[in-house]
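Novice: The following block contains a protein sequence and its predicted model.
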Amino acid sequence: MTGDLWTPPGEAARGLSALTEDERYRRFDELQARMAGVWEAMRLNYDDESVVVVPSISLDKTEAAGTGTAMQAYEERFLFLLILLREPRLRMVYVTSMPIAPEIIEYYLSLLPGVIPSHARARLSLIPVNDASPIPLSEKLLARPRLLERIAALVPNPLRSHLIPYNTTERERDVAISLGIPMYAADPRLAPLGSKSGGRRLFAEVGVPYPLGVENLRSLDDLADALVAMRVDRPAMDSAIVKLNEGVSGEGNAVVRLKGLPASGSPGERDEVLKRLREMELESPTTPFDVYIAKFAENGGIVEERIVGEELRSPSVQLRVVPGGGVELLSTHDQLLGGASGQSYLGCVFPAAPEYARMITEHAEAIGRRLAAQGALGRFAIDFVVVRDAAGGWTPYAIELNLRKGGTTHPFLTLQYLTDGRYDPRTALFLTSLGQEKHLVATDHLESELLKGLAPADVFDIVVRHGLHFDQSRQVGVVFHMISCLTECGRIGLTAVGDTPTEADRRYRDAARIVLAEAEQAFVEHPLPV
């Protein structure tokens, strides 16, 4: 091949500013056309195969994370990808904002089945930007074309390499162009489909059930008009949810209480609705009301009925579109939610309960086929709410389309990479390569001020002394993640794997209890000076 694809990567990075958006997308499209060949060559033991991992969070997650340390922990959340180094010739470049502690890397390499850790380490290049500011990693890279050139030089063959991001914006597109390799992720031009408004439109197009609501709103007046119209159809609706188009993990949601309003169509109804909107309960405790409304005006959002019933659960379905347009159903999860109104993502249970897992996968596959037809690529997830009626039946509602990796991605892939297993949509079970059933419980939010007294080395000591390590022979145990934000944020994540739902839950609770107890004991033995 000749032409723009073969512009030297460092030169491409330095010349990006001279390119128009159309020119950038032309180069990006040329690179993406190579992804099918890269995909077909994967895991064929070529000696020049590589992946470049840039876990940049180009979302409003920067505010949710709050600090550079927390952002670094989110970047390290995808260190489970190091398990890919079990492929004996694969090389990996893993980029982070700040250096990763060597003991954390050793911890992950110790998980690799059938691989000598030193051999895997020799094929791993860790590239820190040395910039701790809480801005997207991809933005930091684009400001440093010489660093991008160094990364590109670590790719042995661009024809057998691809970029793995967290989510995709024009920043990640430009990183791919600068490196001269395709990106295994959704085209940024499809981003509107992953917004709250875009998701609702897509659900309507494919005939998937979703809550009553209105999309493409920009102001309090828009919200008031929408709620007044919705109350015509649902006069008994006692609450609604406002969502920012680009909100993540529930942080962009707010609850509007409608109970006790004048009857639909009554004089003064709209004024009362506006009053309730000004009193809506924001899910993010750190976002002021005026900041939330400014974001709503800038990027838009939706309002929809808050689903209620005898019992409510929040499952999700994860799928991927592979090069060539095939749609693969990967997993189902029951999400663990918390926060001010129970809308913030905390963790997950895998697989989702069988009584509704097959139902939601049918709807998810219909959405996946539409996304594939529109050119989507890579992993994505659909969040549902399912409500049980008095007769015991479940009714599903699709509520969000996340056109990216999400909170359920790393626990599931950790399990899959460690066990060579697969999820069977027909049985709603995950089976290893040996036919053994597996379950997991995971969280990103084991949090306590006490945890600030622990360093990563302390965690690994606790793991060894209490037998919390993942047991390769039985394929059960615990894998920790987000380890680097312990000392500053008092937070760590974990994935607990068991042969049954009960065992996975027990291992999860035992690990959380042991780590917190050890942290408390550390303060007893070494009290802070008065």
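Specialist: That came through, no problem. Numbers count the residues shown, from 1 in each chain.
Novice: helices and strands around the longest helix seen in the chain, which ones?
Specialist: Selection of the longest helix in the chain by residue count, based on DSSP state H, yields helix 501-525. If you count contacts as 3 or more Cβ pairs under 8 Å, 6 or more residues apart in numbering; DSSP states H and E, helix 501-525 packs onto strand 344-350, strand 437-447, helix 456-465, strand 477-481, strand 491-498. Yep, even glycine has a C-beta here, placed from its N, CA and C like the rest.
Novice: May I see the buried residues of the longest one?
Specialist: Under the neighbour-count criterion of 16 or more other Cβ atoms under 10 Å, strand 437-447 has 438-447 buried.
Novice: and what of stretch 333-343?
Specialist: For stretch 333-343, the neighbour count (16+ other Cβ under 10 Å) marks 333-337, 339, 341, 343 as buried.
Novice: Tell me which stretches of the stretch 251-400 of the chain form helices.
Specialist: 269-278, 289-299, 354-373 (DSSP state H, counting those that start in this stretch).
Novice: Break down the stretch 101-250 of the chain into its strands, ranges please.
Specialist: With DSSP state E, counting those that start in this stretch, the ranges of strands along the stretch 101-250 of the chain come out as 124-128, 161-165, 213-217, 239-244.
Novice: who touches the last one?
Specialist: When contacts are defined by Cβ atoms under 8 Å, 6 or more residues apart in numbering, strand 239-244 is touched by residues 60, 196, 213, 223, 227, 230, 252-259, 277, 280, 292, 295-296, 299-306, 308, 343.
Novice: Give me the buried subset of those residues.
Specialist: Buried among the contacts of strand 239-244 (16+ other Cβ under 10 Å): 60, 196, 213, 223, 227, 230, 252-256, 258, 277, 280, 292, 295-296, 299-306, 343.
Novice: sorry, back to before: just the angle between the longest helix of the chain and strand 344-350, please?
Specialist: Helix 501-525 runs at 130 degrees relative to strand 344-350, counting by axes from the mean of the first three to the mean of the last three Cα atoms, to 10 degrees.
Novice: neighbouring contacts of helix 501-525?
Specialist: The contact list for helix 501-525, computed with Cβ under 8 Å, 6+ apart, reads 349, 439-443, 446, 448, 450-451, 453-454, 458-459, 462, 466, 468, 476-478, 492, 494, 496-498.
Novice: And stretch 284-303, by the same measure?
Specialist: Here stretch 284-303 has contacts from 60, 63-64, 66, 195-197, 200, 213-220, 223, 226-227, 230, 240-247, 251-252, 254, 256, 278, 282, 340, using Cβ under 8 Å, 6+ apart.
Novice: Of those, keep whichever come out buried.
Specialist: Buried by 16+ other Cβ under 10 Å: 60, 63-64, 195-197, 200, 213-217, 220, 223, 226-227, 230, 240-247, 251-252, 254, 256, 282, out of the contacts of stretch 284-303.
Novice: which residue is nearest the middle of this structure?
Specialist: In the chain, the residue lying closest to the centroid (Cα atoms, centre = their mean) is Gly406, at 1.5 Å.
Novice: Glu400 is in contact with that residue, correct?
Specialist: No: contact criterion Cβ atoms under 8 Å: Gly406 and Glu400 do not qualify, at 9.7 Å.
Novice: and the residue lying farthest from the centre of the chain, backbone torsions?
Specialist: Most distant residue from the mean C-alpha position of the chain: Pro267, 45.0 Å away (Cα atoms, centre = their mean). When read as degrees, to the nearest 10, the backbone of Pro267 gives phi -60, psi 140.
Novice: Number the chain from 810, please
Specialist: Done: numbering now begins at 810, and the last item shifts to Pro1076.
Novice: hmm, back to that, could you export the strands of the stretch 910-1059 of the chain as TSV, including distance to Glu915?
Specialist: Below are those laid out as TSV (distance: least, Cβ to Cβ, whole Å):
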stretch	distance to Glu915
strand 933-937	11
strand 970-974	22
strand 1022-1026	48
strand 1048-1053	40
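Novice: Turn the helices and strands packed on helix 1310-1334 into JSON lines, including distance to Ile973 and mean pLDDT.
Specialist: Formatted as JSON lines, those follow (distance: least, Cβ to Cβ, whole Å; pLDDT from 0 to 100):
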{"stretch": "strand 1153-1159", "distance to Ile973": "21", "mean pLDDT": "90"}
{"stretch": "strand 1246-1256", "distance to Ile973": "19", "mean pLDDT": "96"}
{"stretch": "helix 1265-1274", "distance to Ile973": "24", "mean pLDDT": "96"}
{"stretch": "strand 1286-1290", "distance to Ile973": "16", "mean pLDDT": "97"}
{"stretch": "strand 1300-1307", "distance to Ile973": "19", "mean pLDDT": "97"}
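Novice: Of these, which is nearest Glu884?
Specialist: strand 1286-1290 (11.0 Å; Cβ to Cβ).
Novice: quick check: angle from that closest one to strand 1300-1307?
Specialist: Going by the same axes, to 10 degrees, strand 1286-1290 makes 160 degrees with strand 1300-1307.
Novice: Using PDB, list the CA coordinates for strand 1286-1290.
Specialist: C-alpha atoms of strand 1286-1290 as PDB (Å, rounded to 0.1, in the frame of the first residue of the first chain):
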ATOM      1  CA  GLY A1286     -10.900 -16.400  43.700                       C
ATOM      2  CA  VAL A1287     -10.600 -12.600  43.700                       C
ATOM      3  CA  VAL A1288      -8.900 -10.200  41.300                       C
ATOM      4  CA  PHE A1289      -8.400  -6.600  42.500                       C
ATOM      5  CA  HIS A1290      -8.300  -3.500  40.300                       C
END
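Novice: What's the mean pLDDT across stretch 1309-1327?
Specialist: Across stretch 1309-1327, pLDDT averages out at 97.
Novice: same deal with stretch 1111-1129?
Specialist: 94.
Novice: Check stretch 1088-1102 too.
Specialist: Throughout stretch 1088-1102, pLDDT has a mean value of 92.
Novice: how about that stretch: buried residues?
Specialist: With burial defined by 16+ other Cβ under 10 Å, the residues of stretch 1088-1102 counted as buried are 1089, 1091-1093, 1096, 1101-1102.
Novice: again with stretch 1066-1086
Specialist: Buried residues in stretch 1066-1086, counted by 16+ other Cβ under 10 Å: 1067, 1070, 1073, 1078, 1081-1083, 1085-1086.
Novice: how about these in JSON lines, adding distance to Pro1132?
Specialist: Formatted as JSON lines, the buried residues of stretch 1066-1086 follow (distance: Cβ to Cβ, whole Å):
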{"residue": "Leu1067", "distance to Pro1132": "47"}
{"residue": "Leu1070", "distance to Pro1132": "51"}
{"residue": "Ser1073", "distance to Pro1132": "50"}
{"residue": "Glu1078", "distance to Pro1132": "53"}
{"residue": "Glu1081", "distance to Pro1132": "53"}
{"residue": "Val1082", "distance to Pro1132": "48"}
{"residue": "Leu1083", "distance to Pro1132": "49"}
{"residue": "Arg1085", "distance to Pro1132": "48"}
{"residue": "Leu1086", "distance to Pro1132": "45"}
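Novice: Those: which two are farthest apart?
Specialist: Taking Cβ to Cβ as the measure, these span a maximum distance of 16.3 Å, between Ser1073 and Leu1086.
Novice: Now the element after the lowest-mean-pLDDT helix or strand in the chain, going C-ward?
Specialist: In the chain, the helix or strand scored least confidently by mean pLDDT, DSSP states H and E is helix 870-874, which has a mean of 42. Using DSSP states H and E, the helix or strand that follows helix 870-874 in sequence is helix 877-885.
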